[in-house]
Structure formats: C-alpha cells, structure tokens
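Peer 1: Sharing a model that was predicted from the sequence below.
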Amino acid sequence: MSAKLQTLRGMLPLLLGVILLAPPLAATPPALAADDAAHSQAVVTVSGMACPFCAYGLKKHLIALPGVKDVHVDLGKSQVTIEFTGGSHASDAQIQQAVRDAGFTPGEITWQAAGALLVITEKRRNLAFGS
C-alpha cells in the first residue's frame, strides 16, 4: 500500500466522526425576528358589500383605526384582511364599529400572525440555497 493511501485510510475514522457529529443544516425552523412577530392580521367577515365603491368606503374607515398598516378587501369572499404593525392594534369592538360606520354588518373576526409561514419558508429557502 502506498504512503498516501495509508494516510487517507488512517484519516477515515476522523472524517466519519466529523460528518456524524456535525449538526444538520436547517434542522430546526429559524426564530422569527421581533418585527415579524409583532405584526398581526385580523380577517373580518363583512355582510352587505357589493361593489368596488363599497370596498373603498370600508377600507377608508378601517385604515383610520390605530396601528393599521394595510387593508385588503375581498369582495368575492366578503372578507376584509386588516394588517397591523407594532405591538398595539385596534380591538374587536373598534373594528366592528368601523365596519358599522361604513354602513356594513360585521361578522366573525379571526386573528393570526401576519406572514409567519412566509417568513419561515423564506428563511429556510435562504439556508438551503445560500441566498
């Protein structure tokens, strides 16, 4: 056996140990940044919306609520998604009153973290592809 082959053969257990003990890449989802965790969304079911003018009037009332970053009206689903920024946001009662003030009937309000899945997915993609 040549000297080089004997050296490589002697290093094999060391290389296997390094490979086996190395932590797996992206084994756990990365933690969300503080700004990402602070954002939240309220999805509100609204009755009585029929046209783009309805959507515009409702959006105008909702955008004036405290902490609102953006409002998206989906006429087809009769839903409004209100995105809040920061730690403070409007209460359910304030949202319902704004919907009533716009001339519509508020329904169920569902709260969720804004874009949390998107942030985790994007960070995993960056880890996997080195972007």
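Peer 2: Ah, there it is.
Peer 1: residue ranges of the strands in the protein, please?
Peer 2: 40-47, 68-74, 79-84, 105-113 (DSSP state E).
Peer 1: right, and those - which one's nearest residue 10?
Peer 2: strand 105-113 (52.8 Å; Cβ to Cβ). In this view, the C-beta of every residue, glycine as well, is placed from N, C-alpha and C.
Peer 1: for the record, mean pLDDT for the closest one?
Peer 2: The average pLDDT within strand 105-113 is 95.
Peer 1: And it, what's buried?
Peer 2: 106, 109 (16 or more other Cβ atoms under 10 Å).
Peer 1: Name the surrounding residues that touch it.
Peer 2: 37, 39-48, 78, 92, 95-96, 99-100 (Cβ atoms under 8 Å, 6 or more residues apart in numbering).
Peer 1: since we're on residue 75, how many residues are nearby?
Peer 2: Residue 75: 14 surrounding residues under other Cβ atoms under 10 Å.
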